[in-house]
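> model the following, please.
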Amino acid sequence: MNYDLVVCGVGGQGVLTMAGVIDHAIHDAGLHLKQSEVHGMAQRGGAVSAFVRISDQPVASDLIADGMASMVLSVEPMEALRYIPLLRPDGWIVTDITPMVNVGNYPALPALYEVLFSAPRLVALDAVLLAKKAGSVKVQNTVVLGAAASHLPFPSELIEQQLRSLFGRKGERIVKANINAFRMGDAASRFAAALVAAGVASPVLARILPRIAFEPHNVSEQVVAAWCQRLLREDSAELARRVFEADDSLAPDAVPA
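Modelled structure (predicted):
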């Protein structure tokens with residue numbers, strides 16, 4: 001088994017914290033890993049990334065070749081697009097859609113989203129929305145980590161254990177916020193997987209998913225079925241466009257008519 005992961009974002013978003021949590025979970029799973037890091041500028045806004053290579057055999061190199069990454073895991077949408085050349089044809093992009101406009105020529109958001117939402121295997125969510133709901137905007141990165149968990153080659157419970165260990169000394173409130181954020185991201189990802197399996201088009205799902213304010217538990221099968229039925233209708237693309245552009249959050253069971 002080999003699984004290559006790119007973790008990316010910008011300075012201040014906790015990219016290397018995410019990579020560290022994943023590293024410890026890999027170790028607990030009894031797997032091998034190697035990691036390389038690129039640190040951006042010391043101040044908030046510099047690009048930051050980590051390559052995490054996972055295997056059931058010793059890993060010789062910490063570099064990921066073009067077309068070999070199983071996932072690009074990003075806390076910033078433009079940074080997710082930066083690493084698409086590394087992605088396998090069947091690889092996944094998991095990203096927050098919240099921009100960190102850190103350069104003068106940052107692309108216009110409609111154009112950025114048009115490219116991002118065309119990716120065939122994408123979990124795009126509003127991690128800031130879910131982080132605030134979990135109790136702190138600072139757990140944005142933990143939401144994104146939760147959205148990646150079900151795609152990683154080890155049990156997601158190992159990541160929860162690492163989050164409890166990492167934040168335990170900061171008090172129960174911080175632990176709870178991180179666990180809730182992680183579970184909200186996981187719920188979003190599992191919801192997305194169910195809709196993809198039902199045949200919902202990726203561009204439709206990409207515009208719907210960020211507008212759902214997920215709870216820290218899985219969406220019920222009945223609600224998932226209702227969403228699938230609605231998003232398989234002929235007008236689903238127009239509905240998804242309206243929902244995304246409205247910029248309002250929906251409860252998971254608030255399936256549009």
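
> other residues contacting the helix or strand bottoming out on mean pLDDT in the chain?
Least confident helix or strand of the chain, by mean pLDDT, DSSP states H and E, is strand 32-38 with a mean of 82. Defining contact as CB atoms under 8 Å, 6 or more residues apart in numbering, one finds that strand 32-38 is touched by 16, 19, 23, 26-27, 47-63. (Glycine included, C-beta is placed from N, CA and C.)

> kindly recompute the last result at 6 Å.
Residues outside strand 32-38 that contact it (CB atoms under 6 Å, 6 or more residues apart in numbering): 26, 49-55, 58-59, 62.

> please apply the same query to stretch 141-159.
By CB under 6 Å, 6+ apart, stretch 141-159 touches 3, 13-14, 18, 25, 28-29, 73, 75, 92, 94, 96, 123, 125, 127, 130-131, 178, 181-182, 184-186, 188-190.

> ok, back up a step: quick one: which of the contacts of strand 32-38 is nearest to Lys170?
Ala50 (22.6 Å; CB to CB).

> write the ChimeraX selection for whichever of the contacts of stretch 141-159 are buried.
To isolate the buried subset of the contacts of stretch 141-159 in ChimeraX, counting by 16 or more other CB atoms under 10 Å, use the following:
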select :3,13,14,18,25,73,75,92,94,96,123,125,127,130,131,178,181,182,184,185,186,188,189,190
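
> sorry, back to before: out of the contacts of strand 32-38, list just those in strands.
In strands, defined here by DSSP state E, the members of the contacts of strand 32-38 are 49-55.

> now do the contacts for Ala226.
Residues counted as contacts of Ala226 (CB under 6 Å, 6+ apart) are Val255.

> repeat that for Ile174.
Ile174 makes contacts with Phe167, as judged by CB under 6 Å, 6+ apart.

> run the last query once more with 10 Å
Shown in contact with Ile174 (CB atoms under 10 Å, 6 or more residues apart in numbering): 135-136, 138-139, 163, 166-168.

> top of those by neighbour count?
Counting neighbours by other CB atoms under 10 Å, the top entry in those is Val139, with 31 neighbours.
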